[in-house]
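[1] sequence first, predicted model second:
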Amino acid sequence: MNPNPRIMIVEDERIVALDLKHSLEFLGYQPCGVFASGEDAIGQVAAARPDLVLMDINLGPGIDGTEAALAINTAHKVPIVFLTAYAEEKTLSRAERSMPYGYLLKPYELRELDATLRMALARRQAELEVEHAEERLRLAIDAAELGVWEWDPQSDDFQWQGHLEGILGGVPRVLRGEQDAFLDFIDEEDRPAVAEQLARHATVSSTVRMRQPGGDLGWIELYAKRYVEHGRERVIGVVRDVTERQRNEEKLRQANVVFQTTGEGVLITDIEHRVIATNPAFTLLTGYTAEDIHGRDPDQFLHARRHSDHFYPRLMESHHGYWHGEILCLRRDGTPFPAWEHVCAVRDEHGQLRNYIITFSDISQIRQAEEQINHLAYHDALTGLGNRHQLAVRLETELERARLAHLQVGVMFIDLDGFKLVNDTLGHAAGDQLLQTVARRIKSALRRTDIAIRLGGDEFVVIVPDARRLDDYATLADKLLDAVREEIELRSERLSISASIGIAVFPDNGEDSQTLLKSADNAMYDAKLRGRNRFAFYSPDMAERAHERMAMEQGLMQALATDALRVHYQPVISLADGQLVGMEALLRWQHPELGLVPPARFIPVAEESGLIDRIGVWVLRQACQQALSWQRAGHRPLRIAVNVSVRQLAQDHLVEHVAAVLAETGLPPQCLELEITETAIQSIEHSRERLRQLKALGVMLAIDDFGTGFSSLSLLKHLPIDRIKIDRSFVTGLPGDSNDAAITLAIVALARSLKLALTAEGIESPEQLEFLRRHDVADAQGYLFSRPQPAPALEPLLLHGHWQPTVH
Ligand SMILES: Nc1nc2c(ncn2[C@@H]2O[C@H](COP(=O)(O)O[C@H]3[C@@H](O)[C@H](n4cnc5c(=O)[nH]c(N)nc54)O[C@@H]3COP(=O)(O)O)[C@@H](O)[C@H]2O)c(=O)[nH]1
């Protein structure tokens, strides 16, 4: 309290006022203004700043002292002590309204004045302290944003004040009502528990849900205590909106569940990059436990990078404090794995860096899947070799390299000979197995720098990037031919397949990949035409020959349409008595410019183009008609042999065609013999069935070129075969070549044991004839007896019915 309290004097009698002033000074007070009217006093009180006002009640004209006191007290809260000579009831009641701190009746003694002033000032001081305390409490409640409530259980009077509007929304700052009005704010699920606590417990402490004005669920915290004061109970408490905190806690709980259960490894570090927390997935992914790495820098144990290649500086460069990308990580056991990592800098509300959060997932499986997809995109699924796409990419790359370094690049086009037959006869599974074996062999014959491709079907390409001489290609081609030709066991059968290889070399045979591949393809075709199982280098005339092939195909179609095909016949003679027993029908093409073209030149083209079907039926019809016309002319019925190519045999409608021609011509079926090359012996699945169907028509079946194919002899007995024909290549060396003789005799023995008829073909000399006759070969054909000729030229032999050796 001020040691010299400031006192304002309001007294209209000047002498009294001066006397009062002196008395106050004498008593140690500090008079701070003397005013004669209530209006003056009200006007000056703010400037005078009195601790107390001594106020006369009767102030002459104007407002009286009680009104001035009321105004001063209300506006400035300055305590008033009245000084008056009157104490009647009316004056006292008026004075009471301004809540005076004292009432001194004149005349008074100095001691009375002092005592009254001191009591008034002391009371004011006490009030000020209470006011300050209340103010502090109010400010504290404001700062804490609390609502304060009080409940009187007897009267059920409920009072709230404070931040209620903020907390509950839409309610006045001070609210009065009953307990139910309060409970209505609480969510109905939590309401009973709060009511129970209020009714029975000495304290209330609850976090409960409430509906916010917008309908959202909010949270409030209630604290209260029951007091008994003067025998009367009351409950006083506070309420606080904790919605934000609850939501944050909820988020934290959710975040923690994510942290604990996510499949991504998570590391939290401080700003010095020291690990302060890890999750279970991190341990699972890396093998590191939380203890292993606590306080360590992930750059030193997790990231498999160069020592200098630090990772956080890069993060710092990022504008958003966020980095993500692929990074190679190390497990605890040292094994590396690719990871997709996110690193995020965490800042507080002032933008101060606090932590880094590193999350990462193991992307090994994604990388493996990518590799697999990549592999599938560039590799042949059956053989594992490169595919067409790889060929395009690798060949282009090699050519580019060769252009820059002035190098050669070789391209080898490999096509298997007779693969279709294996596929058609042994089935696709066996065909696939054969391709896989061949692919393996090709691969193992190559150097690391060579590239093996399967184009599809039975076609392969080998890119040879760094051969220096043509000889190198030839050596490699030989190696590949040998490798392919090795025997293969397929479905318990041992067979051997050959290949034809065409070689083209950059830049001489093509300056771009398309031309180069085309050149290699042409060369391969040439190798095929020249007898298969060989390789050929590309030469410009091959392109010409390819043209020729196309021209031949066109010409053949034309020949069919213009009747330019001819059938010649070669007699078959019985070696026992020289009797004419049959004729083999052999096709010729009467070409307008080339003359008589032998079948070896056009049958492969016919087979490849599919024309063989129509040509085959045409030959069959011609031969049957010719045989019948010889019969009708009175000659002995002869066996007429017709060649059936492998592709014809593979056709479903072959049986129908043969049946139709027999029906159409009327030739007895037993007079027709179909010759199928030995390679068709492989016909287990389809061809065996086909042979049975043909046999069921009543025709005879012969295996042509016997001994040259890859069939198993043991299969012969399961086939409905009537005859085998010893291939010309074995007859040629007879009788002198011991190998040919041995093979011929083995075939003779085989035919005998299987009770098959036997014909030897290509007999050109009496010695060959003699050898074969001596070893009981029944029938024979060859230039010794007759070349294949047009039907009219054979009339003399037909008339005679016997072959007679020409005597020189
Ligand atoms: N699918 C069809 N294929 C046919 C048809 N006509 C013929 N061909 C196939 O062409 C192959 C070659 O036939 P060709 O040029 O007519 O040769 C035959 C004879 O001329 C020849 N031969 C006969 N005797 C001798 C001889 O003493 N010496 C010798 N150097 N050559 C001789 O052999 C061929 C007949 O052999 P083959 O058929 O094995 O009995 C021919 O092999 C058929 O594959 C046809 O219409 N359809």
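    Good, I have the coordinates. Residues are numbered from 1 along each chain as shown.
[2] contact partners for T207?
    219-222, 242, 246 (C-beta atoms under 8 Å, 6 or more residues apart in numbering). C-betas here are computed from N, CA, C, even on glycine.
[3] apply 6 Å and report the result again.
    T207 makes contacts with E221, as judged by C-beta atoms under 6 Å, 6 or more residues apart in numbering.
[4] just list whatever residues bridge to it.
    Counting by DSSP bridges, T207 is bridged to E221.
[5] how much space between it and V194?
    With the distance defined as C-beta to C-beta, to the nearest Å, T207 ends up 10 Å from V194.
[6] do L435 as well
    Remark: distance between L435 and V194 (C-beta to C-beta) = 82 Å.
[7] other SSEs contacting the top helix by length along the chain?
    Using DSSP state H to define each element, the chain has its longest helix at helix 110-144. When contacts are defined as 3 or more C-beta pairs under 6 Å, 6 or more residues apart in numbering; DSSP states H and E, helix 110-144 packs onto strand 102-105.
[8] make it 10 Å
    Counting contacts by 3 or more C-beta pairs under 10 Å, 6 or more residues apart in numbering; DSSP states H and E, helix 110-144 is packed against helix 14-27, strand 52-56, strand 80-84, strand 102-105, strand 146-152, strand 157-162, strand 232-241.
[9] for the ones you listed, which one sits closest to the ligand?
    Proximity to the ligand (C-beta to the nearest ligand atom) singles out strand 232-241 among these, at 100.0 Å.
[10] and the next helix or strand past the closest one?
    The helix or strand immediately downstream of strand 232-241 is helix 243-261, counting by DSSP states H and E.
[11] pLDDT wise, what is the closest residue to the ligand within the stretch 1-150 of the chain at?
    In the stretch 1-150 of the chain, the residue that lies nearest the ligand is E145 (104.7 Å; C-beta to the nearest ligand atom). Reported pLDDT at E145 in the predicted model: 83.
[12] how deep is it tucked in, by neighbour count?
    12 (other C-beta atoms under 10 Å).
[13] so who does the nearest residue to V572 once chain neighbours are set aside touch?
    Using C-beta to C-beta, 6 or more residues apart in numbering and skipping residues adjacent in sequence, the residue nearest V572 is G582, 3.7 Å away. Counting by C-beta atoms under 10 Å, 6 or more residues apart in numbering, G582 touches 569-574, 627, 637-641, 671, 673, 700, 759, 779, 781.
[14] ok, now Q670?
    Applying C-beta under 10 Å, 6+ apart, we find Q670 in contact with 637, 639, 697-700, 722.
[15] that's a strand at it, yeah?
    No - counting by DSSP: H, G, I helix; E, B strand; the rest coil, Q670 is not found in a strand; it is helix.
[16] do I have it right that M55 meets I72?
    Yes - at 8.1 Å, M55 and I72 qualify as touching, with contact defined as C-beta atoms under 10 Å.
[17] what about those two, which has more around it?
    M55 (27 against 24).
[18] OK, contacts around that one?
    Applying C-beta under 10 Å, 6+ apart, the residues contacting M55 are 8-11, 35, 38, 41, 64-66, 68-69, 72, 80-84, 95, 98, 100.
[19] who's in contact with stretch 788-799?
    So stretch 788-799 is in contact with 566-571, 573, 580, 583-588, 598-599, 622-623, 626-627, 629-630, 633-636, 638, 781, 785-787, 803-804, going by C-beta under 10 Å, 6+ apart.
[20] restrict the residues you listed to those that also contact the ligand, please.
    The subset of the contacts of stretch 788-799 lying close to the ligand, counting by C-beta under 6 Å from any ligand atom, consists of 570, 584, 586-587, 598-599, 781.
[21] please narrow those to those residing in helices.
    Members of those lying in helices (criterion: DSSP H): P599.
[22] ChimeraX command to pick out the buried ones of the ones next to the ligand among the contacts of stretch 788-799?
    Applying 16 or more other C-beta atoms under 10 Å to those leaves a buried subset, and the ChimeraX line that selects it is:
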select :570,584,586,587,599,781
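[23] could you dump the ones next to the ligand among the contacts of stretch 788-799 to JSON lines with pLDDT?
    Listed next are these as JSON lines, based on pLDDT from 0 to 100:
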{"residue": "Q570", "pLDDT": "97"}
{"residue": "E584", "pLDDT": "98"}
{"residue": "L586", "pLDDT": "97"}
{"residue": "L587", "pLDDT": "96"}
{"residue": "P598", "pLDDT": "93"}
{"residue": "P599", "pLDDT": "93"}
{"residue": "Q781", "pLDDT": "96"}
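[24] ok, back up a step: looking at the helices and strands packed on helix 110-144, which is buried most?
    The highest average neighbour count among the helices and strands packed on helix 110-144, using mean count of other C-beta atoms under 10 Å, belongs to strand 52-56 at a mean of 27.
[25] mind listing what that strand pairs with, with the direction of each?
    As defined by DSSP bridges, the strand partners of strand 52-56 come to strand 6-10 (parallel), strand 80-84 (parallel).
[26] looking at those, which one has the lowest mean pLDDT?
    For these, mean pLDDT drops lowest on strand 80-84, to a mean of 93.
[27] downstream of that strand, the next helix or strand is which one?
    Once the chain leaves strand 80-84, the next helix or strand it forms, by DSSP H and E, is helix 89-96.
[28] what about the residue nearest to V572, which SS state?
    Secondary structure, three-state DSSP: G582 is strand.
[29] which strand residues bridge it?
    V572, R639.
[30] how about the one 5 residues further on?
    As for beta bridges, L587 partners with V567 under DSSP bridges.
[31] what sits against it?
    L587 sits next to 565-568, 597-599, 602-603, 606, 615-616, 618-619, 622-623, 642-643, 788 when contact means C-beta under 10 Å, 6+ apart.
[32] weed out the non-buried ones from the residues you listed.
    Neighbour counting with 16+ other C-beta under 10 Å marks 565-568, 597, 599, 602-603, 606, 615-616, 618-619, 622-623, 642-643, 788 as buried within the contacts of L587.
[33] residues near the residue lying closest to R6 once chain neighbours are set aside, how many?
    Leaving aside its chain neighbours, R6 sits nearest to C32 (4.1 Å; criterion: C-beta to C-beta, 6+ apart). Neighbour count of C32, defined by other C-beta under 10 Å: 20.
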